[in-house]
Every structure is written in C-alpha cells, then in structure tokens.
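Peer 1: just to be clear, the model below is a prediction. Sequence and coordinates:
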Amino acid sequence: MTSTRIPLPPPTTPPRLLNTKEAAAMLAISARSLWSLTASHDIPHLRIGRTVRYCVADLQGWIEARKVRTDRER
C-alpha cells in the first residue's frame, strides 16, 4: 500500500493592489465616491494603462492620516 501525497497549494497572500470595487469596499464607501476622490487626486492611486488601482498600504495610510484624534489620545 503506497500513499500518494497531494501537494498543498501555496499559501495565498492578500492582493497588494485593489480595483475600484475592492478599494471602495475596503473604505466602506461607494464606488462613485471613490471615483470622485480619485478624480480630484485626494486619494492615492496609480494608473496602469487605462486601469486604476489602489495600493492597500497607501489606503491604510490615507485612513490613518484622516483619523480624528481627541485630546485624550494625544
């Protein structure tokens, strides 16, 4: 009796670039609101040809920069 080993798939890593729908879901805003922020260059993004992508790390930094701090947190 021989056992056949089935190779495990490699661990999946989260995507580093998100499309508009994914980025909007991450930010909990509508795709339309995200497009407005993108068009006004108020949110970090990059263009690859005609495609717009959002870097997860950039979005996390953008969120952190906009958090409102109270006097107790300073």
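Peer 2: Done, it's in. It should be emphasised that the depicted structure is a prediction, and the values quoted were computed from it without experimental measurement.

Peer 1: longest single strand anywhere in this structure?
Peer 2: If you go by DSSP state E, the chain has its longest strand at strand 51-55.

Peer 1: mind listing what the most centrally placed residue in the chain touches?
Peer 2: Residue closest to the mean C-alpha point of the chain, counted by Cα atoms, centre = their mean, is residue 56 at 3.4 Å. With contacts defined as Cβ atoms under 8 Å, 6 or more residues apart in numbering, residue 56 is in contact with 14-18, 26. Where C-beta positions appear, they are placed from N, C-alpha and C, glycine not excepted.

Peer 1: try it again at 10 Å.
Peer 2: Residues near residue 56 by Cβ atoms under 10 Å, 6 or more residues apart in numbering: 14-18, 22-23, 26.

Peer 1: which of those fall within strands?
Peer 2: Here DSSP E is the test, and the contacts of residue 56 give 17-18 as lying in strands.

Peer 1: from the contacts of residue 56, which is closest to residue 43?
Peer 2: Set against residue 43, the nearest of the contacts of residue 56 by Cβ to Cβ is residue 23 (8.5 Å).

Peer 1: now residue 51: how far from residue 69?
Peer 2: 35 Å (Cβ to Cβ, to the nearest Å).

Peer 1: what segments of this protein are helices?
Peer 2: Assignment of helices within the chain using DSSP state H yields the ranges 20-27, 31-39, 56-65.

Peer 1: buried residues in the second one, which are they?
Peer 2: For helix 31-39, burial by neighbour count (16 or more other Cβ atoms under 10 Å) applies to 34, 37-38.
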